[in-house]
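Student: Here is the input, now give the coordinates:
(one chain, ligands or ions: 1)
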Amino acid sequence: VPFRVGEPALDLFPVDIWARLYARHARRGARDFLGYGHANGYPPLRRAVAEYVSAARGVRADPGQVILVRGAQQAVDLIARTVFRPGDRVWYEDPGYLAAAAILRLAGTSLVPVPVDAQGLRVDVGENSAADAKGVHVAPSHQFPMGSALSLERRLALLAWAGRARAWVIEDDYDSEFRYPGHPLPALQGLDAAGRVIYVGTFSKTVFPALRLGYLIAPPDLVDRLTHAAAQVDHLAPTLEQAVLTDFIEEGHFTRHVRRMRKAYAERQQALIAAVDREMAGLLRIEPADAGMHVIGWLPPSSDDAAVSSRALELGVEVPALSRYRLRAPLAPGLLLGFAALRPTAMTTALRKLRKAIEGGPAQ
Ligand SMILES: Cc1ncc(COP(=O)(O)O)c(C=O)c1O
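Tutor: Now for the predicted structure:
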């Protein structure tokens with residue numbers, strides 16, 4: 001499906017290397033991995049993750065704070081059910097990541113929509129509407145879906161509020177490896193002296209989503225509670241996959257793959273923007289994204305983005321409407337276009353279909 005948001009370039013994943021590492025463990029080590037394992041994850045992978053987030057993301061972590069889970073989504077779920085009580089108010093970026101909204105509601109919390117702008121979450125609005133909230137879900141490196149990065153001033157304001165309110169900050173750092181100009185932005189967690197931030201990362205974008213491996217870095221006060229909760233819910237992450245991933249990281253394949261993907265995604269994004277400028281002028285306007293795996297394509301002002309999106313889906317093109325992600329924020333009409341999984345050879349056909357969907361007039 002062209003443009004699928006959040007899907008990495010599976011066509012460029014080194015499946016042969018993965019298969020070799022997998023076979024090595026399945027043949028020789030499998031018996032070591034048949035037991036229940038550790039509730040908070042395979043110790044060598046916890047060490048590798050602590051090293052990686054410290055070096056690459058500016059996160060302060062020792063392996064004892066790392067809990068391996070089945071993806072960022074499960075991390076948010078485990079955190080929400082462990083640290084919040086039904087009825088707690090929690091700030092939520094509007095527009096934001098829908099799965100986090102669903103998870104927070106399932107945990108019984110009441111969402112406080114907080115708008116975002118070019119500098120990310122409007123911390124001042126959050127404080128005015130719910131200074132006594134118990135937490136916040138935020139993607140400071142790359143807001144989903146708007147793409148902004150939380151400014152330093154707002155990072156400090158957010159941490160100051162969390163310290164005063166004794167609120168938990170869930171930092172969702174889902175795709176920050178892919179930042180195009182300059183270096184990746186360091187994580188919010190690295191600035192957090194008071195231990196209010198629970199850092200969440202995933203291998204869904206850097207390795208592949210079906211792996212279902214992600215992690216959280218618990219602040220010292222929460223390590224025991226979250227580890228205990230992880231053990232009660234399930235033994236979350238499968239051990240054999242964790243062992244394979246450990247080798248993938250330790251033998252250098254991970255770093256090499258991420259570096260190659262950063263370059264490939266920058267090229268795919270440029271190719272997409274050039275093709276849209278060339279073939280869809282006046283119908284769709286794209287500003288380059290500094291980070292991540294999708295861009296927003298802005299439609300002409302009076303368009304109904306939900307109708308365009310459903311017409312596109314009927315033609316086999318998956319471009320979610322921006323309005324889908326809002327709770328109450330006013331938004332111009334737009335579409336989300338994932339470019340990471342977009343093979344250059346499939347682009348022209350996909351854009352032709354998208355053009356048809358946009359020009360198609362009102363939905364029947
Ligand atoms: C903001 C955000 N957080 C987390 C995730 C996903 O995480 P995972 O596959 O690790 O559950 C996504 C995936 O698209 C996302 O957009």
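Student: Can the helix or strand where H137 lies be said to contact the ligand?
Tutor: Using DSSP states H and E, H137 sits in strand 135-138. No: interface with the ligand: strand 135-138 contributes nothing (CB under 6 Å from any ligand atom), its closest point being 8.8 Å away. Where C-beta positions appear, they are placed from N, C-alpha and C, glycine not excepted.
Student: May I have the residues that are in contact with V197?
Tutor: By CB atoms under 8 Å, 6 or more residues apart in numbering, the contact list for V197 reads 159, 162, 168-169, 171, 188-189, 219.
Student: One more pass at 10 Å, please.
Tutor: Applying CB atoms under 10 Å, 6 or more residues apart in numbering to V197 gives the contacts 59-60, 136, 138, 140, 158-159, 162, 168-171, 187-191, 217-219.
Student: Among those, which ones are in strands?
Tutor: 136, 138, 168-171, 217 (DSSP state E).
Student: all strands of the chain, in order?
Tutor: Along the chain, counting by DSSP E, strands occupy 66-69, 89-94, 110-117, 120-121, 135-138, 168-172, 197-202, 214-217, 285-286, 294-298, 334-338.
Student: how about the first one, does it get close to the ligand?
Tutor: No: with CB under 6 Å from any ligand atom as the criterion, the ligand is not reached by strand 66-69; the gap is at least 8.6 Å.
Student: repeat for the last one
Tutor: No: interface with the ligand: strand 334-338 contributes nothing (CB under 6 Å from any ligand atom), its closest point being 9.4 Å away.
Student: quick one: that strand to strand 294-298, angle?
Tutor: Taking axes from the mean of the first three to the mean of the last three CA atoms, to 10 degrees, one finds strand 334-338 and strand 294-298 inclined to each other by 150 degrees.
Student: Give me every residue in the stretch 1-150 of the chain that's in contact range of the ligand.
Tutor: 6, 71-73, 97, 139, 144.
Student: And the longest helix anywhere in the chain, what's buried?
Tutor: Criterion DSSP state H: the longest helix present in the chain is helix 253-279. Using 16 or more other CB atoms under 10 Å as the test for burial, helix 253-279 gives 253-255, 257-258, 261-262, 264-266, 268-269, 272-273, 275-276.
Student: So what angle separates the directions of it and strand 334-338?
Tutor: Put simply, helix 253-279 runs at 140 degrees to strand 334-338, going by the same axes, to 10 degrees.
Student: Now do E314: how many residues are near it, please.
Tutor: 11 (other CB atoms under 10 Å).
Student: Chain neighbours aside, what residue packs nearest to it?
Tutor: Among residues not flanking E314 along the chain, A357 sits closest, at 7.9 Å (CB to CB, 6 or more residues apart in numbering).
Student: How confident is the prediction for D32, by pLDDT?
Tutor: As predicted, D32 sits at a pLDDT of 77.
Student: Now flag whichever of the buried residues of helix 253-279 is closest to D124.
Tutor: Closest approach between the buried residues of helix 253-279 and D124, by CB to CB: Q269, at 32.2 Å.
Student: Phi first, then psi, for the closest residue to the closest one other than its chain neighbours.
Tutor: Nearest non-adjacent residue to Q269, counting by CB to CB, 6+ apart: F339, 4.8 Å away. F339 has phi and psi values of phi -110, psi -10 when expressed as degrees, to the nearest 10.
Student: residues in contact with F339?
Tutor: 2-3, 5, 9, 264-273, 286, 289, 292-295, 347.
Student: right, and A210 touches S204 too?
Tutor: Yes: contact criterion CB atoms under 10 Å: A210 and S204 qualify, at 8.5 Å.
Student: where does the stretch 151-300 of the chain come near the ligand, residue by residue?
Tutor: Residues of the stretch 151-300 of the chain lying near the ligand (CB under 6 Å from any ligand atom): 172, 174, 202, 204, 209, 214.
Student: Just give me the residue closest to the centre of the chain.
Tutor: Central residue of the chain (CA atoms, centre = their mean): Y174, 2.7 Å from the mean position.
Student: State the distance from that one to H294.
Tutor: 12 Å (CB to CB, to the nearest Å).
Student: which residues are in contact with both of the two?
Tutor: 6, 142, 144.
Student: where does this structure have low pLDDT?
Tutor: The chain contains residues with pLDDT under 70 at 235, 361-364.
Student: Please enumerate the helices of it.
Tutor: Using DSSP H, helices in the chain cover 15-24, 43-57, 72-83, 98-106, 123-130, 152-165, 223-233, 239-250, 253-279, 305-314, 344-359.
Student: and among these, the most buried is which?
Tutor: The highest mean neighbour count among the helices of the chain, using mean count of other CB atoms under 10 Å, belongs to helix 72-83: a mean of 23.
Student: what's that helix packed up against?
Tutor: strand 66-69, helix 98-106, strand 135-138, strand 168-172, strand 197-202, strand 214-217, helix 223-233 (3 or more CB pairs under 10 Å, 6 or more residues apart in numbering; DSSP states H and E).
Student: hmm, try it at 7 Å
Tutor: Applying 3 or more CB pairs under 7 Å, 6 or more residues apart in numbering; DSSP states H and E, we find helix 72-83 packed against helix 98-106, strand 168-172, strand 197-202, strand 214-217, helix 223-233.
Student: Now tabulate those in a markdown table and tack on distance to V123.
Tutor: Formatted as a markdown table, the helices and strands packed on helix 72-83 follow (distance: least, CB to CB, whole Å):
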| stretch | distance to V123 |
| --- | --- |
| helix 98-106 | 18 |
| strand 168-172 | 11 |
| strand 197-202 | 14 |
| strand 214-217 | 22 |
| helix 223-233 | 25 |
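Student: Surely L240 touches H25?
Tutor: Yes: L240 is within contact range of H25, at 6.0 Å (criterion: CB atoms under 7 Å).
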